[in-house]
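Chemist: have a look at this prediction, sequence included:
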Amino acid sequence: MRIGILQCGQSPAQLKDELGDYPDMFVRLLAGRGFDFRTWHVEAMEFPEAVDAADGWLLTGSRHGAYEDHAFIAPLEDFIRRAYRAGVPLVGICFGHQIIAQALGGTVAKHPDGWAVGAQDYDFGGQPVRLNAWHQDQVVALPPDAEVVGRNGFCENAALVYGDRAFSVQAHPEFDDAFIRGLIEHRGKGLVPQELQDRALARMGEAKDAGLLADRIESFFRQPRDTARGAA
């Protein structure tokens with residue numbers, strides 16, 4: 001099964017050599033599951049030729065806001081809508097979570113209470129899930145087809161499912177503690193309040209449920225689907 005990674009942002013230059021770029025992290029997260037990967041750097045306006053160029057699409061995080069005026073936002077939203085109509089499964093992480101929601105009629109905004117950084121505890125339908133996070137923006141109004149399947153007190157719409165067509169998560173299962181530490185060092189200073197940085201550093205080493213999310217992503221991509229879909 002070919003998974004097309006739509007790269008919406010980039011790892012800080014200071015971290016790429018040691019920890020990799022965003023597509024590298026997803027390849028590691030989903031390693032050993034029989035997937036074949038190809039990356040399109042949509043942030044740099046590199047888009048797939050068609051929505052069926054892959055069997056499923058994975059949208060990465062980004063330092064950009066989904067509501068900001070960047071050249072790649074409108075064509076990415078159009079691609080999402082065409083893939084959704086065609087029934088090609090979409091998975092979104094952080095910015096990917098937000099841009100899928102926005103493209104399908106939801107609203108994304110900065111949270112008035114600020115940032116979520118480092119280990120966060122979520123309720124996935126009664127199942128406790130701990131993941132690293134790095135975000136200030138959130139999905140604040142749901143698209144018509146979205147169902148909330150994960151939340152916590154800070155992020156009410158932390159994971160969404162759209163039938164068998166899309167699954168998205170606000171947190172970062174692909175970010176390990178070393179990468180969060182690097183983000184604090186190279187992106188957080190002067191941006192994220194020191195109290196939140198200190199709290200994130202204090203929780204490093206706690207077990208995360210990245211493997212559980214990898215299982216859910218794999219299951220979502222592989223679930224049987226009706227092949228009679230709308231035109232792309």
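Modeler: Perfect, thanks for sending it. Quantities reported herein were computed from a predicted structural model and do not represent experimental measurements. Numbers count the residues shown, from 1 in each chain.
Chemist: residue nearest the centroid of this protein?
Modeler: By Cα atoms, centre = their mean, the mean C-alpha position of the chain lies nearest to Ile93, the distance being 0.6 Å.
Chemist: now that residue: how far from Arg151?
Modeler: Distance of Ile93 to Arg151, computed by Cβ to Cβ, to the nearest Å: 16 Å. C-betas here are computed from N, CA, C, even on glycine.
Chemist: again, but for Ala207
Modeler: Computed as Cβ to Cβ, the Ala207 to Arg151 distance reads 21 Å.
Chemist: residues in contact with the worst-scoring helix or strand of the chain on mean pLDDT?
Modeler: The weakest-scoring helix or strand in the chain, judged by mean pLDDT, DSSP states H and E, is helix 13-19 (a mean of 92). With Cβ atoms under 8 Å, 6 or more residues apart in numbering as the test, helix 13-19 has contacts from 10-11, 25, 178-179, 182-183, 185-186.
Chemist: what does stretch 62-81 give?
Modeler: Here stretch 62-81 has contacts from 6, 8-9, 42-45, 47-48, 51, 59, 90, 94-95, 98-100, 102-104, 108-110, 137, 187, using Cβ under 8 Å, 6+ apart.
Chemist: rewinding a little: return the set of buried residues in the least confident helix or strand of the chain.
Modeler: 15, 19 (16 or more other Cβ atoms under 10 Å).
Chemist: just after that helix, pick out the following helix or strand.
Modeler: helix 22-29 (DSSP states H and E).
Chemist: which other residues reach that following helix?
Modeler: 5, 7-11, 19-20, 37, 39, 58, 60-61, 93, 173-175, 179, 210, 213-214, 217.
Chemist: stretch 82-90 now?
Modeler: 51-52, 54-59, 80, 100, 103-104, 162, 164-168, 220-221, 225-227, 229-232.
Chemist: mind checking the end-to-end distance for that stretch?
Modeler: 11 Å (Cα to Cα, to the nearest Å).
Chemist: quick check: mean pLDDT of that stretch?
Modeler: Mean per-residue pLDDT for stretch 82-90: 98.
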